[in-house]
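Visitor: how would this look folded up:
(6 chains)
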Number of protein chains: 4
Amino acid sequence: MTAVIGKRERILEAAIELFNRWGFTKTSLDEIARAAHIAKSTIYYYFPSKENLFIVAIEEKAEEFFCNLYTAIDASERFEDKLSCFLRLPITCIFENMPLLAMTMQQIPPDYFTDLLEKRNEYRQRMNELLAEIMDYGKSQGIINEKINSEHFSEMINDWFIMGDYWNKGDNKNKILKRLERDHNLMVQLLLYGILKRDTTQKVEEKKRIKG
Amino acid sequence: MTAVIGKRERILEAAIELFNRWGFTKTSLDEIARAAHIAKSTIYYYFPSKENLFIVAIEEKAEEFFCNLYTAIDASERFEDKLSCFLRLPITCIFENMPLLAMTMQQIPPDYFTDLLEKRNEYRQRMNELLAEIMDYGKSQGIINEKINSEHFSEMINDWFIMGDYWNKGDNKNKILKRLERDHNLMVQLLLYGILKRDTTQKVEEKKRIKG
Amino acid sequence: MTAVIGKRERILEAAIELFNRWGFTKTSLDEIARAAHIAKSTIYYYFPSKENLFIVAIEEKAEEFFCNLYTAIDASERFEDKLSCFLRLPITCIFENMPLLAMTMQQIPPDYFTDLLEKRNEYRQRMNELLAEIMDYGKSQGIINEKINSEHFSEMINDWFIMGDYWNKGDNKNKILKRLERDHNLMVQLLLYGILKRDTTQKVEEKKRIKG
Amino acid sequence: MTAVIGKRERILEAAIELFNRWGFTKTSLDEIARAAHIAKSTIYYYFPSKENLFIVAIEEKAEEFFCNLYTAIDASERFEDKLSCFLRLPITCIFENMPLLAMTMQQIPPDYFTDLLEKRNEYRQRMNELLAEIMDYGKSQGIINEKINSEHFSEMINDWFIMGDYWNKGDNKNKILKRLERDHNLMVQLLLYGILKRDTTQKVEEKKRIKG
DNA sequence: TATGAATGAGTCTTCATTCAT
DNA sequence: TATGAATGAAGACTCATTCAT
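Guide: Sure thing, here's the model as predicted:
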């Protein structure tokens, strides 16, 4: 039976639930212990620190998320559906596991700990690669404009739409501002194509080509 | 002379700096006092509580930000430039005042206090109104497709690009998921226009029109 | 062996000693911890709050006191001795545990907490019932004037002699003043009987009967 | 006009009101200043410390009280009425100025300050002298049993009924316990006279005389 | 494997008091 | 005479972590 779940599982379950609801700092180990119906010190038998417990909790959810994402994208045949999956699922996932993943994957510089920062970078990387793959697929289908640099595009989309990360501490201000500039132009173009009247589209397009 | 800055200013300055670097919970009043070279209790002479100090700090920066934003948008003549300002400035501002404003304006459910939540909603509201105005301006210029609902569009852009807010606690899950769905379709359209090969654009466009 | 007393006991002991000496507000948890030779936070392991510690300390002493009182009164055969016990023991006890019990049982409006107020009312109740029983015993022995209302008499004696309680916040001023009036007359009578010359006693007695 | 009251008066007024309502420790100078519509530091212009302000406030009320008491007692002709005044007025006064005077005149050892203790002793002294005078008056009228020691009796009545003071720190435990014993016997006698059936009174009286 | 007991370092907050003006 | 500004010391309470068993 699954009636008797291991204590480690009980702890993780409670931790995810509470971190989600209250965030890292506002969740105490006392509360987790109470919710898991175990003694507080038992947590230290399974996890070396509160930090670590938090990261393990995130890993758990992240793996689950990526697993779903890969499956869904593989299952869709058409480029548009793959792209749609890529955009829809993260938001849905974050919505359901907020703010746990939000803290990892959104524009919050996780002040707290280096390990978490690393995790986040890892996830960003995987997201970038995934979107780049989708783009390449679109190109191979002859739908996507080959001139668009897949990697560059993926980075920007992830930064703007999904997991904004202009604040990675390592980079210096100038470098970031330059990238903001670059991405910004691309972003405005994307938006313009979507909202301009069709007949004016051409002109704007040309204008931008001259600029960019 | 302003050579000698008032202590209130010194406190606010230090608070903004530290809240930005470490976040609310991880910044202690001791640190702020040390940084401002005043006694900790002096903080309580000027601000009734840590919470209040945080909110005042945010207000300070937010007013400054909106002021800049309005000025820049008014200064630009063409629709595209106005839109460009609207997209560029918030990011720049957040980048410079992270996570202070980030906490107000990004996808972080501020667990801590109602006052902050209200502030955030106020700021969202102002951002929505501003973008809607820009869109209407675009329409009046004959550039923007009249069929696009300015308000609806503004909400979505702000949620996705600028100040994501799918987690406003009042709303129930179903309502939010429905809106996610709606926005998602619009978002995919916007993207597709930007990256598809020109000759395929028409077909996709038609397909979407039938769907939407 | 009881050579090593539990820490909870050590804390309670120190708390009783210090609360007794300095009162609630003027006794700090630091002092209690120092006196009990434990870390301040250990107090919080055993007691949820300073308030609670205070109340537990009082309960401890109060139970002990009531136990002694019941025993002593049961042990005395004659009505006079029972009454004597009732009057002597509380004072002795309060003297030895002042102001701990004094705060519960004397004329101090305990501004601090409702729980304490409740405790005090409970103790008053028990004192009233006890004295009423003694009075009834005196009547059953044919010593006490049946016309004296045992309950009314007990209330008054407790208010004046033992656990004054004219300030119970619930009651309104008028009600209290009326009761003061009533009790006062009875009190003057009691005194007069004790100090007047025997031959004048009769007149005063008659006069009061007419009045009361 | 009395429209413009001096600031000193305003402070005292507010202090009395607030000390009465909240007690010494729970009343802050901030509150007093706010209530008196003056700056906090102004209090220090008129009173050297919070302690001193408290004592002056008590003096104010105490003088008023004694003045009323003297007048009322002088105004009554008969011994019984004088005694009645003596018993009634303190309670009424304390009831109206609780816990300010209660703190001075009841069984609360004022942990806080020596000055207050001295004040209290002074007031006790005055009360004792007053009651002794009344007793002597009763004797001169031929109503009161000459065998009763006026001073001794006054002390006891004040301790039991009015301003209990068995805890005067100077005295040692043995001395106090001896006095408790002495007073207790007298107290039981007084009570017995008041509640015994008339015909049994004689016997008890005799019994006590043998004992005491 | 699991935990009850214990703690040190830190948190926000209060408040009587001082002092320059 | 009056006060705004400033502060040090203390207070209750929290919490991640350790350790003996």
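
Visitor: which of the residues in stretch A:55-68 are buried?
Guide: Using 16 or more other C-beta atoms under 10 Å in any protein chain shown as the burial criterion, the residues of stretch A:55-68 that qualify are A:Ile55, A:Val56, A:Ala57, A:Ile58, A:Lys61, A:Ala62, A:Phe65, A:Phe66. Placement of C-beta: from N, CA and C, glycine included.

Visitor: Check stretch A:127-137 too.
Guide: By neighbour count, and taking 16+ other C-beta under 10 Å as the criterion, the buried residues in stretch A:127-137 are A:Met127, A:Asn128, A:Leu130, A:Leu131, A:Ala132, A:Ile134, A:Met135, A:Tyr137.

Visitor: just stretch A:141-159 next, same as before
Guide: For stretch A:141-159, using 16+ other C-beta under 10 Å, the buried residues are A:Ile143, A:Ile144, A:Ser150, A:Phe153, A:Ser154, A:Glu155, A:Met156, A:Ile157, A:Asn158, A:Asp159.

Visitor: Let me see the contact set for the nearest residue in space to the third one that is not next to it in sequence.
Guide: When you say that, I think you mean A:Ser150. Take A:Ser150 and drop its neighbours on the chain: the residue closest to it by C-beta to C-beta, 6 or more residues apart in numbering or on different chains is A:Met135, 3.9 Å away. Under the criterion of C-beta atoms under 8 Å, 6 or more residues apart in numbering or on different chains, the contact list for A:Met135 reads A:Ile144, A:Ile148, A:Ser150, A:Phe153, A:Ser154, B:Ile195.

Visitor: May I ask which two of these are separated the most?
Guide: When the contacts of A:Met135 are compared pair by pair using C-beta to C-beta, the two farthest from each other are A:Ile144 and A:Ser154, 12.2 Å apart.

Visitor: Is DNA strand F within reach of the host helix or strand of the residue nearest to A:Ser150?
Guide: With elements taken from DSSP states H and E, the one containing A:Met135 is helix A:114-140. No. Figure legend: helix A:114-140 not in contact with DNA strand F (C-beta under 7 Å from any atom of the strand); closest approach 12.4 Å.

Visitor: Give the next helix or strand downstream of that helix.
Guide: Scanning onward from helix A:114-140 (DSSP H and E), the first element met is helix A:150-157.

Visitor: Name the nearest of the buried residues of stretch A:127-137 relative to chain C.
Guide: Closest to chain C out of the buried residues of stretch A:127-137 is A:Met127 (44.1 Å), distances taken as C-beta to the nearest C-beta.

Visitor: ok, now how distant is A:Met135 from A:Tyr70?
Guide: Applying C-beta to C-beta, to the nearest Å, the value for A:Met135 to A:Tyr70 is 16 Å.

Visitor: I misspoke; the intended subject was A:Asn149.
Guide: For A:Asn149, the distance to A:Tyr70 (C-beta to C-beta) stands at 23 Å.

Visitor: Ignoring the adjacent residues along the chain, who's closest to A:Ile144?
Guide: Distances taken as C-beta to C-beta, 6+ apart place A:Gly138 nearest to A:Ile144, at 3.5 Å, with adjacent residues excluded.

Visitor: What pLDDT does the model give that neighbour?
Guide: The score at A:Gly138 is 89. That number is its pLDDT.

Visitor: got the contact list for it?
Guide: When the contact criterion is C-beta under 8 Å, 6+ apart, the partners of A:Gly138 are A:Phe79, A:Lys82, A:Leu83, A:Ile144, B:Ile195.

Visitor: Identify the farthest-apart pair in the residues you listed.
Guide: Largest separation among the contacts of A:Gly138 by C-beta to C-beta: A:Lys82 and B:Ile195, giving 12.8 Å.

Visitor: ok, back up a step: go through the buried residues of stretch A:127-137 and say which is closest to chain D.
Guide: Minimum distance to chain D across the buried residues of stretch A:127-137 is 55.1 Å, recorded for A:Met127 (C-beta to the nearest C-beta).

Visitor: what domains does the record give for chain A?
Guide: According to automatic domain parsing, chain A comprises the domains A:1-47, A:58-168, A:171-212.

Visitor: quick one: is the first one near chain C?
Guide: No. Using C-beta under 8 Å from any C-beta of the partner chain, domain A:1-47 never reaches chain C; the gap is at least 11.3 Å.

Visitor: so where's chain A uncertain?
Guide: Counting by pLDDT under 70, chain A shows low-confidence ranges at A:1-4, A:94-113, A:160-176, A:193-212.

Visitor: What are the boundaries of the helices in it?
Guide: A:7-22, A:29-36, A:40-46, A:50-75, A:79-96, A:100-105, A:114-140, A:150-157, A:173-195, A:198-211 (DSSP state H).

Visitor: and the angle for the fifth one with helix A:7-22?
Guide: Taking axes from the mean of the first three to the mean of the last three C-alpha atoms, to 10 degrees, one finds that helix A:79-96 is oriented at 90 degrees with respect to helix A:7-22.

Visitor: which of the residues in helix A:79-96 are buried?
Guide: By 16+ other C-beta under 10 Å, the buried positions in helix A:79-96 come out as A:79-80, A:82-95.

Visitor: helices and strands around it, which ones?
Guide: For helix A:79-96, the helices and strands in contact under the criterion 3 or more C-beta pairs under 8 Å, 6 or more residues apart in numbering or on different chains; DSSP states H and E are helix A:50-75, helix A:100-105, helix A:114-140, helix B:173-195.

Visitor: Return the distance of it from the chain's centre.
Guide: 11 Å (C-alpha atoms, centre = their mean, to the nearest Å).

Visitor: quick one: it to helix A:114-140, angle?
Guide: Relative orientation of helix A:79-96 with respect to helix A:114-140: 160 degrees, computed using the same axes, to 10 degrees.

Visitor: Between helix A:50-75 and helix A:79-96, find me the angle.
Guide: Between helix A:79-96 and helix A:50-75, the angle formed by their directions is 150 degrees, by the same axes, to 10 degrees.

Visitor: Measure how helix A:79-96 sits relative to helix A:150-157, angle-wise.
Guide: Between helix A:79-96 and helix A:150-157, the angle comes out at 40 degrees (the same axes, to 10 degrees).

Visitor: which of the buried residues of helix A:79-96 lies closest to DNA strand F?
Guide: Compare each of the buried residues of helix A:79-96 with DNA strand F using C-beta to the nearest atom of the strand and the shortest gap goes to A:Ile94, at 23.9 Å.

Visitor: before we move on, the earlier item: can you put the contacts of A:Gly138 in JSON lines and add distance to A:Leu186?
Guide: As requested, the contacts of A:Gly138 are exported to JSON lines (distance: C-beta to C-beta, whole Å):
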{"residue": "A:Phe79", "distance to A:Leu186": "19"}
{"residue": "A:Lys82", "distance to A:Leu186": "20"}
{"residue": "A:Leu83", "distance to A:Leu186": "16"}
{"residue": "A:Ile144", "distance to A:Leu186": "14"}
{"residue": "B:Ile195", "distance to A:Leu186": "10"}
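
Visitor: Which of these sits closest to C:Phe24?
Guide: Among the contacts of A:Gly138, A:Leu83 lies closest to C:Phe24 (C-beta to C-beta), at 67.8 Å.

Visitor: correct me, but that closest one touches B:Val188?
Guide: Yes. Between A:Leu83 and B:Val188 there is a contact under C-beta atoms under 8 Å: 6.4 Å.
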